[in-house]
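Visitor: structure for this input, please:
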Amino acid sequence: MWQFEHKAKTQGYKIIAGVDEAGRGPLAGPVVSAAVILPHDFACIGINDSKKLSEKKRNALFPIIKEKAIAVSTGIASHHEIDEINILQASLLSMKRAVKNLSNPPDFILPDFLLIDGKFPINMDIDQAALIKGDSRSISIAAASIIAKVTRDAIMESLHKTYPQYNFIRHKGYPTKAHKEAILKHGPCPVHRRTFKGVKEVICAQ
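Guide: From the prediction side, this is the model:
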């Protein structure tokens, strides 16, 4: 899990951030990205792709990463932005915001190398490598995936209080059968993604 961080170090990079997003597939809510810079002596059993971890395990790892990391930040692209520029571009935008936020208080750190989960680089003047399935290959990306997922889940749990009829607290906006049935019954709410299959058809039928 450290091979890409070590390779970047041997190439002369000093501050390496892992970047990942959560929430590309849901029908509602934002996409959330995280950027994490880990110390070279970071040790935490169980760090892996957040999708491979239980909610309980993610929630347990979240404060450990926050405490032990050199820097942690998040970036968000709203459901409006997702509809305006598409989910891929919104995901990359949220990643860019997460990296930029590393240089804000309290960290004031800007990395000189990025490890990005996925196929596409971020539009930033920072050297980077995009790694397919990077969240299961890089410790920094895996840590970022956990931060992003737990942060987004908390947002969806908060939205559940405003829109309880959709049961966001259970499925976090993903296209489960129950969620789709709720959209058909109640119609889309303000945080649903209007351009996504399962939402736009209902809007067109109204």
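Visitor: tell me what the worst-scoring helix or strand of the chain on mean pLDDT is packed against?
Guide: Confidence across the helices and strands of the chain bottoms out at helix 200-205, with a mean of 88, counting by mean pLDDT, DSSP states H and E. Other elements packing on helix 200-205 under the criterion 3 or more CB pairs under 8 Å, 6 or more residues apart in numbering; DSSP states H and E are absent; no helix or strand qualifies. Quick note: C-beta positions are derived from backbone N, CA and C, even for glycine.
Visitor: okay, buried residues for it please.
Guide: 200, 202 (16 or more other CB atoms under 10 Å).
Visitor: now the phi/psi pair for residue 2, please.
Guide: Backbone torsions for residue 2, taken as degrees, to the nearest 10, come to phi -100, psi 0.
Visitor: tally of neighbours for it?
Guide: Using other CB atoms under 10 Å, residue 2 has 13 neighbouring residues.
Visitor: ok, it touching residue 139?
Guide: Yes - Residue 2 is in contact with residue 139 according to CB atoms under 8 Å; the separation is 5.6 Å.
Visitor: the chain: strands as residue ranges?
Guide: 16-22, 31-37, 71-77, 113-117, 127-131 (DSSP state E).
Visitor: output these in TSV; the columns should cover mean pLDDT, mean neighbour count and distance to residue 99.
Guide: What follows is these, written out as TSV (pLDDT from 0 to 100; neighbours: other CB atoms under 10 Å; distance: least, CB to CB, whole Å):
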stretch	mean pLDDT	mean neighbour count	distance to residue 99
strand 16-22	98	30	6
strand 31-37	98	30	5
strand 71-77	97	23	7
strand 113-117	98	25	7
strand 127-131	97	17	9
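Visitor: and the residue nearest to residue 48 when sequence neighbours are not counted, how far from residue 36?
Guide: The shortest distance from residue 48 to any non-neighbouring residue, by CB to CB, 6 or more residues apart in numbering, is to residue 142 (5.5 Å). Distance of residue 142 to residue 36, given as CB to CB, to the nearest Å: 9 Å.
Visitor: and residue 56, by the same measure?
Guide: For residue 56, the distance to residue 36 (CB to CB) stands at 21 Å.
Visitor: tell me the mean pLDDT for stretch 154-161?
Guide: Averaged across stretch 154-161, pLDDT comes to 98.
Visitor: quick one: pLDDT of residue 1?
Guide: With respect to pLDDT, residue 1 has a value of 87.
Visitor: which ones are touching the nearest residue to it once chain neighbours are set aside?
Guide: When the adjacent residues along the chain are set aside, residue 1 lies closest to residue 139, with 4.0 Å between them (CB to CB, 6+ apart). Counting by CB atoms under 8 Å, 6 or more residues apart in numbering, residue 139 touches 1-2, 5, 18, 38, 42, 47.
Visitor: again, 6 Å this time
Guide: By CB atoms under 6 Å, 6 or more residues apart in numbering, residue 139 lies in contact with 1-2, 47.
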